[in-house]
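Participant: my questions concern the predicted model and sequence given below.
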Amino acid sequence: MTKTIRLTMAQALTRFLARQMTEMDGKKVPIFGGVWAIFGHGNVAGVGEALYQVRDELPTFRAHNEQAMAHAAIAYAKANFRRRFMAATSSIGPGALNMVTAAALAHVNRLPVLFLPGDVFANRIPDPVLQQAEDFSDGTATVNDCLRPVSRYFDRITRPEQIMPALNRAMQVLTDPAECGPVTLALCQDVQAEAYDYPESFFAERFWTPRRQRPDRNELAAAVAVLKAAKKPLVIAGGGVLYSQASEELAKLVQGAGIPVCETQGGKSSLPDDHPLNMGAVGVTGTSAANRLAEEADVVLAVGTRLQDFTTGSWALFKHAGRTIIGLNVQPFDAGKHQALPLVADAAEGLAELAAALKGWKAPSGWTDNAITGKKNWQADADKVTASTNAAYPSDAQVIGAVQRAMGSGVVLLHAAGGLPGELHKLWQAGAPGSYHAEYGFSTMGYEIAGGLGVKMAKPDEEVVVMIGDGSYLMLNSEIATSVMLGLKLTIVLLDNRGYGCINRLQMATGGANFNNLLKDARHETLPEIDFAAHAASMGAIAEKVPSIAGLETALAQAKKNTRTTVLVIDTDPLVSTEAGGSWWDVAVPEVSARPQVNAARKKYEEALSGRVSLAIRERASNV
Ligand SMILES: Cc1ncc(C[n+]2csc(CCOP(=O)(O)OP(=O)(O)O)c2C)c(N)n1
Ligand SMILES: [Mg+2]
């Protein structure tokens, strides 16, 4: 007879989660680093009680905002290269909906996280329960259905035994490198508390190892043939290189074949910044070293990248009419994008097999040498814009220079939205793989501080530096208090340019009037003067407003020694960004307007569009 154990559905869930294991650095560890929780009536009695039972094996962490706690969980998974992850549980209604944006962030970035929102009563007797949204035509709809399009797997648990197949499927998705993303198990409030005789075998310890798919023989042969014929090959390293921990294999391949590498936001730190073949950032926020090669490349080996518009300059950057893209990706959806020659495989396996097959082959030396020279020229440009200054309102680039000088490349640098991503992508000199943590798949304002907390949980021995704008800070800063409470120290550098600087610049570039971005240009009775240092200090952080770039460097030296979260605020110039590098980005400009500035911007926009169209026609012709 099957041995069973009588548990509530929520107790079965938490017991199961605590028994899932993996290996990190040769040591067996739980695959779930813990559970973030904000309780309400929809989860406190069921999931809350069950989490308490397993609190020693599966720790619970309390946050101040459901979106933020999900950000921390997601950043934890990213910092662990998806080898370990966390769950996030909320009550029903607003708590659950607060996680939708974070779920989309994880979905876009292909990051594993388990969402456990409470849900309405399956028996529907108390309908409508507090916080239940009522659909006039669909009795099965609840607010949690908003999580469906942003979950890789969604299930609603309406009977206690359903949790078994649902958790089995959840683990498949969370650990599958191709499918990987958010999983939502919506837990009906009454069912969380319902008991069932679960087979004991369901709770047996399970050990998960990352799957590494090898390439198909024919796809590999086709890719090798194309590469061997290449005169101007270029590698784009995307986030998949990091998730697969394929940096060594990447370095071996490109050093052997003399192929320059450029990096997406997600892929930055695949190679150290000072690797001579690393051209740095590519695309809209790219370096001149990378972008001039992208314009000429005849074969583009795109590794672990979604090829989003910032990488391809909205498909106007890669100008070689006959170019071939090889899509080395573990996910066929990405591998075959834009008529790429697919090479479906784990990045490390794929790169290793390509290197073996290309042994002895080298790209023309003129191409490689030219790339190395371009990198040196770029570095000289970058050094100029990041040099120290006495300006009252320094640029973002000058602040980046100060952070780099004070903290070096050995820290984990994290950012997500505003003007910083573009500047950091170009200018930050990253060290080891994973030392540059950008959330630029979804570019979610408010990811930064909670994200930093997740990274610190994953890497407690590392110095985590969060760079953030005033806008992002005001959107979501509450987890500063959590970082202080948990003793997880962050160094936060807040650039106060008194508004949404980058969108204001975009507005000007598209012919718009300065309107509703900088605080001074927004409807107001009193111009706000926000004391960010006082605000951060009120949550327990060590906080200081620094008067200058030199002052920032001094304060950062002290911050390094601090054991408590430190927030350093500096006033910056909202109008400047780095001119060097970059490429066109498709942002639609109005076709008609009463503003001559808009009409002029539209004219330029149409010229850029026709340039891209003629590029596409040339491409099609060369493919015939
Ligand atoms: C949640 C969210 N809302 C809106 C945006 C659009 N957006 C991108 S950057 C930005 C302004 C960010 O302001 P701040 O953090 O001060 O950075 P700055 O642009 O001044 O460098 C806005 C509104 C976004 N990315 N995320
Ligand atoms: Mg700002």
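Facilitator: Done, it's in. Ligands and ions are numbered 1, 2, ... in the order given.

Participant: centre of the chain to the single longest helix found in the chain, how far?
Facilitator: Ranked by number of residues, the top helix in the chain under DSSP state H is helix 596-623. Chain-centre distance of helix 596-623: 31 Å, with C-alpha atoms, centre = their mean, to the nearest Å.

Participant: give me the buried positions along it.
Facilitator: Judged by neighbour count using 16 or more other C-beta atoms under 10 Å, the buried positions of helix 596-623 are 598, 601-602, 605, 608-609, 612, 615, 619. For glycine as for every other residue, the C-beta is placed from the backbone atoms N, C-alpha and C.

Participant: name the helices or strands packed onto it?
Facilitator: Contacting helix 596-623 under the criterion 3 or more C-beta pairs under 8 Å, 6 or more residues apart in numbering; DSSP states H and E is no other helix or strand.

Participant: quick one: contacts for residue 591?
Facilitator: residue 602 (C-beta atoms under 8 Å, 6 or more residues apart in numbering).

Participant: specify the local secondary structure of it.
Facilitator: Classification of residue 591 using DSSP: H, G, I helix; E, B strand; the rest coil returns coil.

Participant: residues from the protein in reach of ligand 1?
Facilitator: Taking C-beta under 6 Å from any ligand atom as the contact definition, the chain meets ligand 1 at 417-420, 443-445, 469-472, 497, 500-503.

Participant: picking up where we left off before, which one of the buried residues of helix 596-623 is nearest to residue 390?
Facilitator: residue 601 (34.6 Å; C-beta to C-beta).

Participant: which residues does that closest one contact?
Facilitator: 509-511, 589.

Participant: if I look at it, how far off is residue 593?
Facilitator: Using C-beta to C-beta, to the nearest Å, one obtains 9 Å as the distance from residue 601 to residue 593.

Participant: related to what we said a few turns ago, need the contacts of residue 601 in TSV (columns: pLDDT and distance to residue 338).
Facilitator: Listed next are these as TSV, based on pLDDT from 0 to 100; distance: C-beta to C-beta, whole Å:
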residue	pLDDT	distance to residue 338
509	96	26
510	97	26
511	97	30
589	97	24
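
Participant: could I get the buried residues of helix 596-623 as TSV with pLDDT and distance to residue 350?
Facilitator: Converted to TSV, those look like this (pLDDT from 0 to 100; distance: C-beta to C-beta, whole Å):
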residue	pLDDT	distance to residue 350
598	98	46
601	97	42
602	98	43
605	97	38
608	95	34
609	95	35
612	88	30
615	71	28
619	62	25
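
Participant: what touches both of residue 601 and residue 593?
Facilitator: residue 511.

Participant: so what's residue 236 closest to, chain neighbours aside?
Facilitator: residue 302 (4.6 Å; C-beta to C-beta, 6 or more residues apart in numbering).

Participant: could you do residue 320 as well?
Facilitator: residue 298 (5.1 Å).

Participant: next up, phi/psi of the one you found, please.
Facilitator: phi -100, psi -30 (degrees, to the nearest 10).

Participant: that one is in contact with residue 226, isn't it?
Facilitator: No - at 9.4 Å, residue 298 and residue 226 do not qualify as touching, with contact defined as C-beta atoms under 8 Å.

Participant: what touches both of the two?
Facilitator: Joint contacts of residue 298 and residue 226 (C-beta under 8 Å, 6+ apart) are residue 324.
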